[in-house]
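**Student:** Could you work out the structure for the sequence below:
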Amino acid sequence: MAHRVTMYKTGAPDVLQFEQYEPGEPGAGEVRVRHAAVGLNMADTYFRTGMYPAALPAGMGVEGAGTIEAVGPGVSGFAVGDRVTYTGSPLGAYSDVRVMPVASLIKLPDGISFETAAAMTMRGLTSAYLMRSIYRWQAGDTFLLHAAAGGVGLIVTQWAKLLGLNVIGTVSSEEKGEVARAHGCDHVIYYRREDVAQRVRDLTGGEGVKVVIDSVGKDTYQASLNSLKRRGLLIGVGTSSGPFPPIEALQLAIRGSLFFTRPALADYIADPMERAELSGELFEHVMAGRIKIGINQRYELSDAVRAHEDMEAGRTVGSSIFVI
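**Tutor:** Numbering: from 1, shown residues only. Below you'll find the model as predicted:
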């Protein structure tokens, strides 16, 4: 019998239920994947709390890696025994076995372990489009990166150094500051005790930065806007503290003709060719050792409640996974 984590209502971490279930056989265009590892992401908590809508009851999780053990009718390009990874809908990655659409799968090179794939597919592809698809970076550019010691933050920082960029990162503690620096962060701001925007101005000769990558949302929005130089871009890529407030268009003009975008990973990997290009570059960097993926927390599926509690309390550093 297989196992999964299901929620029958939204709310606190204790709504997550670890249960037995029968995954069944794959239908047309589907495969059955036996997971070796499953990703744990802050976005999972948004579904659990109801910030992101989901039809209940619902599975949990959008990222996993493992081996195809059954293939449904009409599937091409994938076969039993293939090593795969994925990120995206439908929910249900928190399981040891699942049936899912083949269209979501990415073939996993032999040089990348299942655990590494589960820790980096969502975070790595997010980092890929941030570094490759949203802004035309120039060597020497300086940007502000919130949550620099988080899973996305550590990958973005390493990728940024490959492009010759300067990174100002915010963190909550000395421990996380050391981690961020070890991955290439040039300047660290401790947001709980420092004025983020003022420190950014101090570090940039009063100008501010061209880009802010903000995965925190409500609590950092104003500091992010105040850190931008004229015609700067705020990329709102996450909402760990709550949603970004409504945007007042006039305020963007008053503050220097600023730009704001709220991207979603799904829109940057919907095209198979674009997804292949981004994932291919990510895999090459990781296999060559240019980008290192640190897994700092490992849980069992039965510990999903504790995993969510740790994540929301800020007790995690870098990437977290479930090991099956």
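**Student:** Show me which positions of stretch 125-143 end up buried.
**Tutor:** 125-132, 134-135, 137, 141-143 (16 or more other CB atoms under 10 Å). In this view, the C-beta of every residue, glycine as well, is placed from N, C-alpha and C.
**Student:** Let's verify residue 154: helix, strand, or coil?
**Tutor:** At residue 154 the chain is in helix, as set by DSSP: H, G, I helix; E, B strand; the rest coil.
**Student:** mind listing the helices for the stretch 101-250 of the chain?
**Tutor:** Assignment of helices within the stretch 101-250 of the chain using DSSP state H, counting those that start in this stretch yields the ranges 114-132, 151-162, 174-182, 196-203, 221-226, 249-254.
**Student:** packing partners for the longest one?
**Tutor:** So that's helix 114-132. Contact partners of helix 114-132 among helices and strands, from 3 or more CB pairs under 8 Å, 6 or more residues apart in numbering; DSSP states H and E: strand 30-40, strand 63-71, strand 83-87, helix 151-162, helix 265-269, helix 272-287, strand 295-299, strand 319-323.
**Student:** Show me the two of the buried residues of stretch 125-143 that sit farthest apart.
**Tutor:** Using CB to CB, the pair of these lying farthest apart is 125 and 142, separated by 24.3 Å.
**Student:** quick revisit: need the helices and strands packed on helix 114-132 in JSON lines (columns: mean neighbour count).
**Tutor:** Below are the helices and strands packed on helix 114-132 laid out as JSON lines (neighbours: other CB atoms under 10 Å):
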{"stretch": "strand 30-40", "mean neighbour count": "24"}
{"stretch": "strand 63-71", "mean neighbour count": "22"}
{"stretch": "strand 83-87", "mean neighbour count": "24"}
{"stretch": "helix 151-162", "mean neighbour count": "25"}
{"stretch": "helix 265-269", "mean neighbour count": "17"}
{"stretch": "helix 272-287", "mean neighbour count": "17"}
{"stretch": "strand 295-299", "mean neighbour count": "17"}
{"stretch": "strand 319-323", "mean neighbour count": "24"}
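**Student:** Out of those, which is closest to residue 55?
**Tutor:** Each of the helices and strands packed on helix 114-132 has some distance to residue 55 by CB to CB; the shortest is helix 265-269, at 17.3 Å.
**Student:** Now render the helices of the stretch 101-250 of the chain as TSV, adding distance to residue 301 and mean pLDDT.
**Tutor:** Listed next are these as TSV, based on distance: least, CB to CB, whole Å; pLDDT from 0 to 100:
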stretch	distance to residue 301	mean pLDDT
helix 114-132	12	97
helix 151-162	19	96
helix 174-182	26	95
helix 196-203	37	97
helix 221-226	35	95
helix 249-254	44	93
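**Student:** what's the closest of the ones you listed to residue 211?
**Tutor:** Closest of the helices of the stretch 101-250 of the chain to residue 211 is helix 114-132, at 9.2 Å (criterion: CB to CB).
**Student:** Outline the domain layout of this protein.
**Tutor:** Structurally, the chain divides into domains by automatic domain parsing as follows: 2-121+269-323, 135-262.
**Student:** Now render the helices of the stretch 101-250 of the chain as CSV, adding distance to residue 7.
**Tutor:** Shown next, in CSV, are the helices of the stretch 101-250 of the chain (distance: least, CB to CB, whole Å):
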stretch, distance to residue 7
helix 114-132, 19
helix 151-162, 22
helix 174-182, 29
helix 196-203, 35
helix 221-226, 29
helix 249-254, 37
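**Student:** mind listing what residue 276 touches?
**Tutor:** By CB atoms under 8 Å, 6 or more residues apart in numbering, no residues touch residue 276.
**Student:** re earlier: of all the helices of the stretch 101-250 of the chain, which one comes closest to residue 279?
**Tutor:** Using CB to CB, the helices of the stretch 101-250 of the chain put helix 114-132 closest to residue 279, at 6.4 Å.
**Student:** Can I get the closest one in PDB, CA atoms only?
**Tutor:** What follows is helix 114-132 as a C-alpha-only set of coordinates in PDB (Å, rounded to 0.1, in the frame of the first residue of the first chain):
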ATOM      1  CA  PHE A 114      17.200  12.100  -6.800                       C
ATOM      2  CA  GLU A 115      17.800  14.000  -3.500                       C
ATOM      3  CA  THR A 116      19.500  16.800  -5.300                       C
ATOM      4  CA  ALA A 117      16.800  17.000  -8.000                       C
ATOM      5  CA  ALA A 118      14.000  17.100  -5.400                       C
ATOM      6  CA  ALA A 119      15.900  19.900  -3.600                       C
ATOM      7  CA  MET A 120      16.500  22.000  -6.700                       C
ATOM      8  CA  THR A 121      14.000  21.500  -9.500                       C
ATOM      9  CA  MET A 122      11.500  24.200  -8.400                       C
ATOM     10  CA  ARG A 123      14.200  26.400  -6.700                       C
ATOM     11  CA  GLY A 124      16.600  25.900  -9.600                       C
ATOM     12  CA  LEU A 125      14.200  26.600 -12.400                       C
ATOM     13  CA  THR A 126      12.900  29.700 -10.500                       C
ATOM     14  CA  SER A 127      16.500  30.800 -10.200                       C
ATOM     15  CA  ALA A 128      17.000  30.100 -13.900                       C
ATOM     16  CA  TYR A 129      14.200  32.300 -15.100                       C
ATOM     17  CA  LEU A 130      15.300  35.100 -12.600                       C
ATOM     18  CA  MET A 131      18.800  35.000 -14.000                       C
ATOM     19  CA  ARG A 132      17.900  34.400 -17.700                       C
END
